[in-house]
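K.L.:
sequence first, then the predicted structure, then my questions.
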Amino acid sequence: MESLIIILVGVLTTVAIYLVLSKNVVRVILGTAILSHAVHLLILAMGGLKQGTVPLLGEEAEIYVDALPQALILTAIVISFAVTAFILVLAYRAYQELETDNLGAMRGSDDE
Amino acid sequence: MIGEYFGVFLILIGSIMAVISAIGILRLPDVYTRSHAATKSSTLAVLLSLLGTFIYFWASENFISVRLLLGITFVFLTAPVSGHLITRAAYRSNVKLADSSTEDALEEVLRNKKDV
Amino acid sequence: MNNILVLPMLLPIIVGVLLIFLRTYGRIQAWISIAAMVVTAGISIYLLHTVQADGILRLDFGGWEPPFGILFVADSFSVLLVLTSSIVTAVCLSYALISTSKELQTMYFYPTVLFLAAGVNGSFLTGDLFNLFVCFEVMLLSSYVLLTLGNSKRQLREAIKYVSINIVSSWFFLVALAFLYGTLGTLNMAHAAERVAEVGQTPLLTTISLVFLVVFSLKAGLLLYFWLPGSYSSPPIVTSALFGALLTKVGVYALFRIFSLIFYHQPEITHTIIGIMAGLTLIGGSLGAIAFNDIRSIAAYNVVIAVGFMLVGLAIATPEAIEGSIYYLIHDMVAKALLFLLVGTMITLSGSSKMAGMSGLMKNYPLLGWSFFIAMLSLAGIPPLSGFIGKVLISSAAIDSGSYVLLALALLSSIFVLYSLLRVFKNCFWGETIVSKEEQLPLRRGVLLPCLVLVFLTIGIGLGVEGLSLYVTDAAKTLLNPGTYINAVLGIIQ
Amino acid sequence: MPAQFLLNITIAFLWTLLMDEDAFYITTFLTGYLIGIGILFLMHRFFGTKFYLLRVYSTIKLLFIFVSELSQSSLLIMKQILSPRLKIKPGIFTYEHSMEGDYELTTLALLLTLTPGSVVMEVSPDGKTFYIHAMDVESSRDSVLKSIKVFEKAIMEVTRN
Amino acid sequence: MYLLILAILIPFIATALIPLIHKRIGAFHIGWFVLLVPLALFLIFIMQIPAISNGETLIQAVNWIPSIGINFTVYLDGLSLIMALLITGMGSLVVLYSIYYLSSSDSFPHFYAYLLLFMGAMLGVVLSDNLLVLYVFWELTSISSFLLIAFWYHRKNSRYGAQKSLLITVFGGLGMLAGFLMLHSMTGTFSIRETVTVIGQYTDHALFYPAMFLVLLGAFTKSAQFPFHIWLPDAMEAPTPVSAYLHSATMVKAGLYLVARFTPIFGGTAEWFWTVTIVGLITLFWGAFCAVRQTDLKALLAYSTISQLGLIMSLLGLGSAALHFGDGEQGALYGLAIFAALFHMVNHSTFKGALFMVVGIVDHQVGTRDIRRLGGLMAFLPITFTFAVIGSFSMAGLPLLNGFLSKEMFFTASVNAVSLPIFGVSSWGLLIPIIAWTASVFTFVYCMIFVFRTFFGAPQLKKLDRKPVEPSIGMLISPAILCVLIVGLFFAPNLLGDHLLKPALHGIIPGISGAAPHISAWHGFNTELFMTLGIIAVGTLLFLTFRSWYKIYLIQPAGWNFTVLYNSLLQDLKRAANWITTHYMTGHLPAYFAYIFVFFIAAAGGTLISTGALSIDLTADSPITTYEGMLIVVMAIAAISIPFAKSRLTAILLNGVLGFSIAIFFVLFRAPDLALTQLVIETVTTVLFLLCFNFLPEWKTEDSSKRIKIRNAVIAIAAGVTVTLIGLTVNSGRLFESISGYFEDSYELAGGDNIVNAILGDFRAFDTMLESLVLFIAGLGVYTLIRLKHGKGPGKDEH
Amino acid sequence: MNINDVILKTVSKGAVLIILTFGIYLFLSGHNQPGGGFIGGLVIASAFVLMFLSYDSETVSDALPIDFKKLSAFGVLLAMLSGIAPMFFGGAFLAQSFGYFNLPIFGKTELATVTVFEAGIALTVVGVVVNIILSISEDE
Amino acid sequence: MIDTILTIALSLFILAIILALYRIIRGPSMPDRVVALDMIGVNLISGVAVFSVVLSTHAFLEVILIVGILAFISTLALARFVERGDIVEHKHDR
Ligand code: NA
Ligand code: NA
């Protein structure tokens, strides 16, 4: 299962990076969103999967799954939400001011 | 034990209904008819499976889950609203009715006003 | 209990949050935030002395002993950087007090700067890798906000790139953390270091260390500096100065920490790669610095050069080299802040960022001119200013270790620094004065005061190196003896 | 209705206090609640409103109507989905109802939506007319018209005095 | 007693005082105050002569950075004393001269501040024992020179000259620094004296020769040796007193000083001998050759200075051979060259100083230095003319003037060199006197040009700005003193030789034995005399027939010289830098991402493969159920469909499916808290996307070329594969148990059953706190992004 | 024809009540059950989101006369103050403590300082999410 | 027996999701896709419920309710977007 999830992570990463490499701002943002999905799964897989029960002590089990990655992912999810919210608004403000969502038109130059 | 089997049975029925609804989503001719499948049979499917779960826990652990009941209520309350919202949105965004449609009482009120 | 250790991060945050409630009072906000950073600097000085006296300090948050909880660890290296960054932030804030528009001041400029400083200080102090990620994010989010504050077209355009690239670099960070956790089962830096030392740095661990290298190189602008010139040259002056002084340094710090504490067992792979990257960075930065006529871009590429320079020290990784890098790190924070503040002032005065748009500023603004002159010499590593000692130590270490290519690149890059800034000085300060005495924009009173403080600092650090040497030597010693750090964290429980 | 319910709770609480036990027991509270029901049943005319448990009963009845409508319509749709050839004639028709107030209107709309083969698409601005999409206009129109009175009555039993 | 340190500090202190004093003294010329500094210092150093000529040395030290061995150690021996006297003596004369030279529109405080700064720095250079301290002062001289050249910075040429000199000298300085550091790396000391004593053990060290050449690089650039000489003519944009002081008498001699100082370290090797000698000779010739064609008097003097510096340099090279022999007859024979070098260094300062002052007077009095506009000034400026004759005839090496003596010694040394039995001199050695002689012919010619074209012939008063008259007496004092010295040294050279040059020689060649050279004007009819006579004859002929052979200067193609090379180097460098930089710094985000991912693939993927880390082991995996597999299929399909989505809304929906599926994975993997969070966040994110989409355009199909798309796909796949492979390897090779077992006692430790929550709220509460701060900052950012628009203040936003 | 949202609005009212209750439940039960400050805050925030979607932004703003920026600032402050408090009792920064108390009505109850911390987090989350949505939706 | 049935049921729910996913990808209209997403959400609720039975844990009962809530909110937001573009309206727009 872990290996399969890691391969899934690879697929998500590939798709996300393909999007990130595109010229359209929204595609890039979408790509970053998928990237974060991928890495959350990866962290989970790195903690080992299904080797125990839900990390609630009331469940009275012998072993619990690794709770630490879960806590880390939770933090990461919230942070990536914050960043996504920011860049989305940034994208639309940039579109308002620059009248383009094409990164090709946002090159600018160091010597302008 | 009977209770548990009954619960599981409800779940199974629910799952079969879910698949049928999904087939409906593929098969039916336009978004309006598809939404019927989504708002009705699909909703019933989920209600059945939730009920099955509820009964299962009741039977096996003597556990009455308020959260499940709340979930059932919520789905029950909102499913028709979703159907209402989607079909309205579809019509207002000019999604055509299927060719087999016979009448369209909204057309004159909505489209004519829009043209003005 | 060393609760005081959390203050360099906590104090700016609390003050920053409180300032939210004082939003409309721009000047009061400024004074309070300056005071906060000055106090932070004072605390750092105290910490610095305590570290000398009692050895490495640590604070286990919530009382959870490492490696289970998060902790702050203060050794000379981190505290020196905290101190410098706090001072530089205070100076930049006092510049903002005078120069920033009312509009920005009431748009949460000061709180955001304080959050930035908090993120920076936290990154220096933390002893936990995941917490480092979180501190980075505090810093980055603040930098995003600061970068866009003002909302000019250019800012928005560059911000999109900056934010996107940093999102990807944060992603790499998480990926690296995931791999590390999967392999070592811990997040505590010292614990990870101990575990790596225990099994030896397997090829897999080396591979993982290179993912970290990608992350921190992106932050530091080591070879992967594409994002830097654009974003450092678009926001308002103070923001640029803070970026130029602080942001890349955090990446540099992290590179030093990670590759001296945890992944130092395979230097023939990791440190060689770092060396190659540093060399290429020096070349790229040098070329960039002379390629353009926009003084903001020139300043930004100078940031790149400095990064390459410091990382030469890590690539060599002898005590002398590391000491040199630390000196250079401190120097560069001060001098880069100075450079950006001066460049910003020039742009404000002349209304243009092109060299062609300004001439003869020396006549009307001699103090500005002399400050720039000293900043130029300092950045070029001309003695006895602050850049000199780092240059000497790194070069000397490069010779001792036989890294002649890096030596040549490092020294030649100073010529490029000098030339690039000399062009600015020659074209902007000298020459016929375009604007007559009557028409010149008055230099608002006090604008130069913060710059003069930095000028004084760069001279003072250069002449008073000996005063720092105790701390720098200790910092380098700790970096090169990971055991000290590991013992302080995992040894006797306080 | 809420007033009666609150009163009932108050009585139960009073009861619990009067019992003066060393801890809070839910059983005591329930006893108090039952006693409250009795008192309120005796007194409800005094308030000039319907006894609230009657309304609860109507609500449950309404709920059953909901469930049965949902089941019927689901079965109908599944039948149509699974029939080898789709023989439906969908369409949109109007219906004017006699409900008053948002709650009544909404409940009726939800009910209608769950009625076999129909979905309320729009409500006219004055709220009086529903525009209903039907899977099969002819059969739906009939079934809607047939059951509509039942619905309206069931709803009014809940909402009106 | 820290006399020497004080001597270095006094000019700096005076520099700092200048602004203060300038405000106080009113009409009184600040130059008079400044003059006190070099005068006092000169006297101090004069007073050291007895001790030094007895062979003593003064050493004083103050700690600076003891932790790395950089201390302020200064010492005074014969060599430094000569330099110090030159610096302070010439300094006094130049300051005196400048008081009359500067016009009232010039900024005196700046001028004198720079001048004093230079003086202090120069004293630092010659008195430092510590290599790094020497370097510090070395760079300071470059900087003060830079400031003085650009004294009239509104002139384009001044700016150009200043930049050029700084770039070249700092470049050399950096090389020198590297050389110093290499020396330190070998010997472990920064002290010059200590280095001299221990260097013998390191001559086989790999760094020995690199260090040598790098130190020479510093010396050559500073002393304007070929091909680095190009900055000196442009430095003539400085006020003439500066040219007299820095660019002929003192600063340019710092390189010579350095070579002399390092002779005991590197001398005695063939590399040093040849490099110094050849560079010196080429510079000697090239400078003299170029000087002839100059039409600006100062330019002529500049090239002449280059030439003379080359002469001294070559002497130092020739003399270094003495170190090979050490104590003995031959050592003394070749050591003579060093003696001559030192002697000529002093002489050059006297006559070149005088000549610069002459040019300054001419320029000051008639408003031009252009030879083509000058002529016949002898009648109008008789005193100045006298100085000019004395100075240039001395430079030409004519008898009765000190230049004759040192020139003769130069010839002696060059003739001696021919018979040098070492370093393979025998094959090419004859070239040394030939070049020396040829160069001296040209020297003679330009000296004559200087005198005759300026002071003889028909006056062209129409072309002059003012009617020429003698300047005020003050301006004549300094050149007069120098002329007295020029003549005086001819008649009493050994006063100098015995008290100053000999101790210096001992400093440079410690082992030199026997009677020190005795300077005498008459050696009988030897080769040297004939050489001199030949120079006079051929030189006069060439001077008279100048027009007929002038064309040889046109052989050199126009636009091909080292200055053009320098200019085009800078220009091409900028152009190339711009071309290269703009080629990869395109500002195009996709390109930047491509670099980053390619680097990641190369670094991480490359290491994974090349170190053999890759290993995949599936045995430890937990089993897969049907529905899990199906869910993976759902996610894969949803993900892969996203790039192909025709509309952004479809893409968002698919992303939502991904997000919801991940939440279900969180359920399957026993992570309820995560599932909850993921679900809410996903929904809120979707809502945000939709909110923002209202303001954004529908996306168009990616208009990139097929090639770019394929490139992107390749990068994406490679990066994905890299992540996967590392992940699989990690999964197969877990080295340690996780620390998280500790948290399973969360109920006892933190009073909570929910382990994840206990971690978030207690064990790692700090992360959580900061995470909420991150969220908070993002909220602020969104707010400011939207509210802060151009022309729309924050005013109307509070409820 | 104008849009008549009466169905949606009516159902939303009920749904919002359910969601808010659920959110508070999640927040409070997080210590022993899934939930906690973040999740509770997020769910509460999503109740507000639902209100925004069902009504117009002015109506919601009027109904909730709170400056959500200040609310979130207060949240951050609260979380931090709960961390600072133990420093005055000789504990480490962010040291949480808990104890079991016999309370009237509730019986044996666990009280933990972490609840204050989590309340701060929850307030921050609510404040930020609503602030973001308000900011965007009020832009024109 | 029960486990087998539950596994079958879970698989069927996910099969339903896959079918709905096809509709999301194919469209053709946006409302079609929204309908399909709504259906996926509903099936996820069932899926989580059944999985709770499989593991016989109460840990995911909150998740069930949350999915219900969020599926509704998403559908509402998407429907609004399809209908009007701006999903949060202003009073003065009306
Ligand atoms: Na995300
Ligand atoms: Na950075």
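P.N.:
Yep, that arrived. Ligands and ions are numbered 1, 2, ... in the order given.
K.L.:
could you say which helix or strand contains residue 86?
P.N.:
Looking at chain A here, since you left the chain open. Using DSSP states H and E, A:Phe86 sits in helix A:67-98.
K.L.:
nope, chain C please
P.N.:
Using DSSP H and E, C:Ser86 falls within helix C:76-99.
K.L.:
which residue packs closest to the spatially most central residue of chain F, ignoring adjacent ones?
P.N.:
The centre of chain F sits closest to F:Gly41, judged by CA atoms, centre = their mean, with a distance of 3.6 Å. Distance criterion CB to CB, 6 or more residues apart in numbering or on different chains; nearest residue to F:Gly41, sequence neighbours excluded, is F:Val125 at 3.0 Å. All C-beta atoms are positioned from the backbone trio N, CA, C, and that covers glycine.
K.L.:
might you report the residue contacts of the one you found?
P.N.:
Going by CB atoms under 8 Å, 6 or more residues apart in numbering or on different chains, F:Val125 touches A:78, E:772, E:775, F:37-38, F:41-42, F:44-45, F:72, F:75.
K.L.:
picking up where we left off before, would you mark the buried spots in the helix or strand encompassing the residue nearest to the centre of chain F?
P.N.:
If you go by DSSP H and E, F:Gly41 is part of helix F:37-54. Buried positions in helix F:37-54, judged by neighbour count with 16 or more other CB atoms under 10 Å in any protein chain shown: F:37-54.
K.L.:
before we move on, what about stretch E:18-38?
P.N.:
E:18, E:22, E:30-31, E:33-35, E:37-38.
K.L.:
now the two most distant members of those residues.
P.N.:
E:His22 and E:Pro38 (18.2 Å; CB to CB).
K.L.:
mind listing what A:Ala85 touches?
P.N.:
E:685, E:688, E:778, E:782, F:132.
K.L.:
typed the wrong thing, it's E:Thr532
P.N.:
So E:Thr532 contacts E:397, E:404, E:407-408, E:411 (CB under 8 Å, 6+ apart).
K.L.:
for it, give its distance to ligand 1.
P.N.:
As for E:Thr532, its distance to ligand 1 is 90 Å (criterion: CB to the ion, to the nearest Å).
K.L.:
shaky segments in the chain?
P.N.:
Using chain A. Counting by pLDDT under 70, chain A has low-confidence residues at A:50-51, A:59-60, A:109-112.
K.L.:
wait, chain G
P.N.:
Scanning chain G with the threshold set as pLDDT under 70 gives G:92-94.
K.L.:
picking that back up, would you mind giving the contacts of F:Val125 as JSON lines with distance to ligand 1 added?
P.N.:
Output for the contacts of F:Val125, formatted as JSON lines (distance: CB to the ion, whole Å):
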{"residue": "A:Val78", "distance to ligand 1": "10"}
{"residue": "E:Ser772", "distance to ligand 1": "17"}
{"residue": "E:Leu775", "distance to ligand 1": "13"}
{"residue": "F:Gly37", "distance to ligand 1": "20"}
{"residue": "F:Phe38", "distance to ligand 1": "15"}
{"residue": "F:Gly41", "distance to ligand 1": "17"}
{"residue": "F:Leu42", "distance to ligand 1": "13"}
{"residue": "F:Ile44", "distance to ligand 1": "20"}
{"residue": "F:Ala45", "distance to ligand 1": "16"}
{"residue": "F:Ser72", "distance to ligand 1": "20"}
{"residue": "F:Gly75", "distance to ligand 1": "22"}
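K.L.:
and which of the residues you listed is nearest E:Ser568?
P.N.:
For the contacts of F:Val125, the nearest to E:Ser568 is E:Leu775 (56.6 Å; CB to CB).
K.L.:
I'd say the closest one and F:Thr124 touch.
P.N.:
Yes. E:Leu775 lies in contact with F:Thr124 (CB atoms under 8 Å); the separation is 6.1 Å.
K.L.:
between these two, what contacts are shared?
P.N.:
The contact lists of E:Leu775 and F:Thr124 share F:Ser72, where a contact means CB under 8 Å, 6+ apart.
K.L.:
hmm, what's the outermost residue in chain D?
P.N.:
The C-alpha centroid of chain D is most remote from D:Asp22, which lies 41.5 Å away (CA atoms, centre = their mean).
K.L.:
let me know the secondary structure of it.
P.N.:
coil (DSSP: H, G, I helix; E, B strand; the rest coil).
K.L.:
with adjacent residues omitted, what lies nearest to the residue most central in space within chain B?
P.N.:
Nearest to the geometric centre of chain B sits B:Thr39, at 2.6 Å (CA atoms, centre = their mean). The shortest distance from B:Thr39 to any non-neighbouring residue, by CB to CB, 6+ apart, is to B:Gly83 (3.1 Å).
K.L.:
and that neighbour, how many neighbours?
P.N.:
By other CB atoms under 10 Å in any protein chain shown, the residues close to B:Gly83 number 29.
K.L.:
per-residue pLDDT of whichever residue of the stretch 301-450 of chain E sits closest to chain G, please?
P.N.:
For the stretch 301-450 of chain E and chain G, the shortest gap (CB to the nearest CB) falls at E:Ala302, measuring 75.8 Å. Confidence at E:Ala302, expressed as pLDDT, is 93.
K.L.:
distance of it relative to E:Thr240?
P.N.:
E:Ala302 is 11 Å from E:Thr240, where distance means CB to CB, to the nearest Å.
K.L.:
what of A:Ile77?
P.N.:
Separation of A:Ile77 from E:Thr240 (CB to CB): 75 Å.
K.L.:
my guess is E:Tyr153 contacts C:Glu432. True?
P.N.:
No. With contact defined as CB under 8 Å, E:Tyr153 does not count as touching C:Glu432 (9.5 Å).
K.L.:
next, count neighbours for the closest residue to B:Leu48 other than its chain neighbours.
P.N.:
Once flanking residues are discounted, B:Leu48 sits nearest to B:Gly14: 3.5 Å by CB to CB, 6+ apart. Neighbour count for B:Gly14, taken as other CB under 10 Å: 28.
K.L.:
which residue is nearest the middle of chain D?
P.N.:
Short answer for chain D (CA atoms, centre = their mean): D:Leu62, at 4.1 Å.
K.L.:
who are the packing partners of the helix or strand containing the residue nearest to B:Leu48?
P.N.:
Element membership for B:Gly14 (DSSP H and E) is helix B:2-27. Applying 3 or more CB pairs under 8 Å, 6 or more residues apart in numbering or on different chains; DSSP states H and E, one finds that helix B:2-27 contacts helix B:31-36, helix B:42-61, helix D:52-82, helix G:2-26, helix G:30-55.
K.L.:
gap between that helix and the chain center?
P.N.:
13 Å (CA atoms, centre = their mean, to the nearest Å).
K.L.:
do stretch E:53-65 as well
P.N.:
In terms of CA atoms, centre = their mean, the centre of stretch E:53-65 is set 28 Å apart from its chain centre.
K.L.:
buried residues of it, list them for me.
P.N.:
For stretch E:53-65, the neighbour count (16+ other CB under 10 Å) marks E:53, E:57-58, E:60-61, E:64-65 as buried.
K.L.:
determine which two of those residues are furthest apart.
P.N.:
Going by CB to CB, the pair spanning those furthest: E:Ser53 and E:Ile65, at 34.3 Å.
K.L.:
ok so, going back, wait, the residue nearest to the centre of chain F touches F:Ala119, no?
P.N.:
No. At 9.1 Å, F:Gly41 does not count as touching F:Ala119 under the criterion of CB under 8 Å.
K.L.:
quickly list what's touching both of the two.
P.N.:
F:Phe27.
K.L.:
and the residue in chain B that ligand 1 sits nearest to, what pLDDT?
P.N.:
For chain B, the residue closest to ligand 1 is B:Ser82, as judged by CB to the ion, at 24.6 Å. Note on B:Ser82: pLDDT of 90.
K.L.:
would you check that it makes contact with B:Thr39?
P.N.:
Yes. In this structure, B:Ser82 is within contact of B:Thr39 by CB under 8 Å, at 6.3 Å.
K.L.:
now the closest residue to chain B within the stretch 1-150 of chain C. Nearest residue, chain neighbours left out?
P.N.:
The nearest approach of the stretch 1-150 of chain C to chain B comes at C:Gly62, 31.2 Å away (CB to the nearest CB). Spatial nearest neighbour of C:Gly62, chain neighbours left out: F:Leu94 (4.5 Å); criterion: CB to CB, 6+ apart.
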